[in-house]
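Asker: sequence? don't have it. structure:
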């Protein structure tokens, strides 16, 4: 049949941090001691045990042949489960594609975008794009590719995209896979197999934008989680070389401790995310209204958006815990960023931490970089109070226009 079996996970390596965290917790309970947990970077992950070492741990002694048979039987069981899971995923994916095709065909855009489109990514998923362009007959001085944050979709950039168009700047905003009107990996909303898949998709959207607007400077703009995607893309020389500059709005370089699970269970959740990435985090359901509205100074917009069917309001899946590893790697390599930067952040942001944006500006290798601190602002500065949003938007437009 030509089936290609997926590689089996290194279970021993994946569960090691979980076992160490649980063992440490048990020791503290017995001794009534509460020392601080070691940082994730210091956790030592042992090598995958050999068949011989596993056999030696059994209460009975097996011959080499018996151990081999046991290993083959266990492997066959895992393989059978993998095949069944793959078939179930294929059925779910087929239903999901049909549903998303139907939703896209019925969608009536009210964001003011001139055109919409769905383009395939490397995984065969369709990414939904919105294009805002200057008035007919006016050539674009530049094109800005926008990347939205967690739970959002490209249409939430409509207000600023329309203002950019009046200044001669075209805009392309895609829905991240699993969000808005883009297909989701494994047929799921709010899910991505690898964070780098977001980065690959951004490269694909950039190519589409350049085809539509050839010969003009290309800029990136990322908000919150979208800022992380942009920064990871800028670490790829093949991507960075295509970009004239990047605007980062409250980028997620470090997530606020208020949004994090208790430190004692963090290693456990990260370990589980490697084994069961599609499961919802504990307390699953819908993001509470008050938590959602608190990210925006424009509370009227936030209240209305809470009912937007294109916004993914379900609580995150376990795979989102792996982003913590991405952020740790990113923070350790900020010197790799050489692209001109404008970073906008409020010191009062309770979603992502502004001091880490300042670290980015201090450590990035490029010389053209600027930090715009916005006291009194919320997390989403484009959707803040009228005074804050207009001031920040004007600054962003001026920065982009001066580099076209």
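Answerer: Perfect, thanks for sending it. As the structure is a prediction and not an experimental result, all values here were calculated from the model.
Asker: chain center to stretch 86-106: distance?
Answerer: 22 Å (Cα atoms, centre = their mean, to the nearest Å).
Asker: so where's the stretch 151-300 of the chain shaky on pLDDT?
Answerer: Within the stretch 151-300 of the chain, the stretches with pLDDT under 70 are 282-284.
Asker: what segments of it are helices?
Answerer: 158-166, 195-212, 225-234, 237-240, 266-275, 289-293, 299-305 (DSSP state H, counting those that start in this stretch).
Asker: packing partners for the fifth one?
Answerer: In this case it means helix 266-275. When contacts are defined as 3 or more Cβ pairs under 8 Å, 6 or more residues apart in numbering; DSSP states H and E, helix 266-275 packs onto helix 11-31, helix 323-331. (C-beta placed from N, C-alpha, C; glycine too.)
Asker: give the pairing partners of the next helix or strand after the shortest one; include direction for each.
Answerer: In the C-terminal direction, the helix or strand that comes right after helix 323-331 (DSSP states H and E) is strand 341-345. In its sheet, strand 341-345 lies beside strand 245-249 (parallel), strand 369-373 (parallel), with partners assigned from DSSP bridges.
Asker: ok, back up a step: rank the helices and strands packed on helix 266-275 by pLDDT, which is bottom?
Answerer: Note on the helices and strands packed on helix 266-275: helix 11-31 shows the lowest mean pLDDT, a mean of 44.
Asker: who's in contact with the residue nearest to residue 386 when sequence neighbours are not counted?
Answerer: With Cβ to Cβ, 6 or more residues apart in numbering as the criterion, residue 386 has its nearest non-adjacent residue at 7.8 Å, and that residue is residue 298. Taking Cβ atoms under 8 Å, 6 or more residues apart in numbering, we find residue 298 in contact with 383-386, 389.
Asker: give me the domain ranges for the chain.
Answerer: Residue ranges for the domains of the chain, per automatic domain parsing: 11-90, 110-401.
Asker: among those domains, which is nearest residue 104?
Answerer: Among these, the nearest to residue 104 by Cβ to Cβ is domain 110-401 (5.2 Å).
Asker: gap between the closest one and the chain center?
Answerer: 8 Å.
Asker: that domain: end-to-end distance?
Answerer: 26 Å (Cα to Cα, to the nearest Å).
Asker: so where is the stretch 1-150 of the chain shaky, pLDDT-wise?
Answerer: Across the stretch 1-150 of the chain, the ranges flagged by pLDDT under 70 are 1-64, 66-67, 70, 73-85.
Asker: still on that earlier bit, mean neighbour count, the strands paired with strand 341-345: which tops it?
Answerer: strand 245-249 (a mean of 27; mean count of other Cβ atoms under 10 Å).
Asker: contacts for that one?
Answerer: Outside strand 245-249, the residues within contact range by Cβ under 8 Å, 6+ apart are 144, 217, 219-224, 226-227, 230-231, 234, 339-345, 357, 360, 368, 380-382, 396, 399-400, 403.
Asker: going through the residues you listed, which ones are buried?
Answerer: 144, 217, 219-224, 226-227, 230-231, 234, 339-345, 357, 360, 380-382, 396, 399-400 (16 or more other Cβ atoms under 10 Å).
Asker: related to what we said a few turns ago, farthest-separated two in the contacts of residue 298?
Answerer: For the contacts of residue 298, the maximum inter-member distance is 10.5 Å, found between 383 and 386 (Cβ to Cβ).
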